[in-house]
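Trainee: I need the structure of the sequence given here:
(one chain, ligands or ions: 1)
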Amino acid sequence: MKFTEKTRDIIRERAKHRCEVCIMPITSGGQIHHRRPRGMGGTKNTVSRSAANGLYVHSSCHAWIEGNRSEALEKGFLVHQWDDPTKVPVRFGQEHRLLLDDGGFVLLQDQDNPEYQTKSRSELGPSDSEDRLFSQSV
Ligand SMILES: [Zn+2]
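Mentor: Presented below is the predicted three-dimensional model:
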């Protein structure tokens, strides 16, 4: 099941032009990786097309995931066919993110601490300070 163009845009926007595996900027040739494998007949669930099921990645990082599946599973870059991608946190640098269907994400501050910070899509605009730093360094 392919993502719609709109979902791809949402995923890229969430990633803010950074690879969601190695967190380095993607300048060209970014790809959308499916966290949940596309099993035969397993795509009737719309979760497969949800923004939470996609990661914006370098082609080299995409290849790394395919070649290091157990580590990728551990870090949430891959989820099992029977897992819900919105329930499995993804490692992003030092962060653990729970990706949401709409392209937002929940930042898990500490795995032992139930308190977390929610970021909605509207807060993920291009005015973020980290993004400004990044633009200046180009
Ligand atoms: Zn990468």
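Trainee: How far off centre is the helix or strand harbouring D9?
Mentor: D9 belongs to helix 5-15 when assigned by DSSP states H and E. Distance, stretch centre to chain centre, for helix 5-15: 10 Å (C-alpha atoms, centre = their mean, to the nearest Å).
Trainee: Where does pLDDT dip in this protein?
Mentor: Within the chain, the segments meeting pLDDT under 70 span 1, 39-46, 110-138.
Trainee: need the residues of it near the ion, please.
Mentor: Along the chain, the residues adjacent to the ion under the rule C-beta under 5 Å from the ion are C19, V21, C22, H58, C61. In short, each C-beta sits where N, CA and C put it, glycine included.
Trainee: Give me the neighbour count for the first one.
Mentor: C19 sits with 22 neighbouring residues when counted by other C-beta atoms under 10 Å.
Trainee: pretty sure it contacts W64?
Mentor: No - under the criterion of C-beta atoms under 8 Å, C19 is not in contact with W64, lying 10.4 Å apart.
Trainee: For this protein, just list every one of the strands.
Mentor: Remark: strands assigned in the chain by DSSP state E are 31-34, 54-57, 90-92, 95-99, 105-110, 113-119.
Trainee: buried set for stretch 47-56?
Mentor: Neighbour-count burial for stretch 47-56, with 16 or more other C-beta atoms under 10 Å as criterion, is recorded at V47, S48, R49, S50, A51, A52, N53, G54, L55, Y56.
Trainee: Check stretch 6-13 too.
Mentor: By 16+ other C-beta under 10 Å, the buried positions in stretch 6-13 come out as T7, R8, I10, I11, R12, E13.
Trainee: Nearest to L78 among those?
Mentor: The shortest approach to L78 among the buried residues of stretch 6-13 belongs to I11, at 15.8 Å (C-beta to C-beta).
Trainee: Name the nearest residue to that closest one, sequence neighbours excluded.
Mentor: G54 (4.4 Å; C-beta to C-beta, 6 or more residues apart in numbering).
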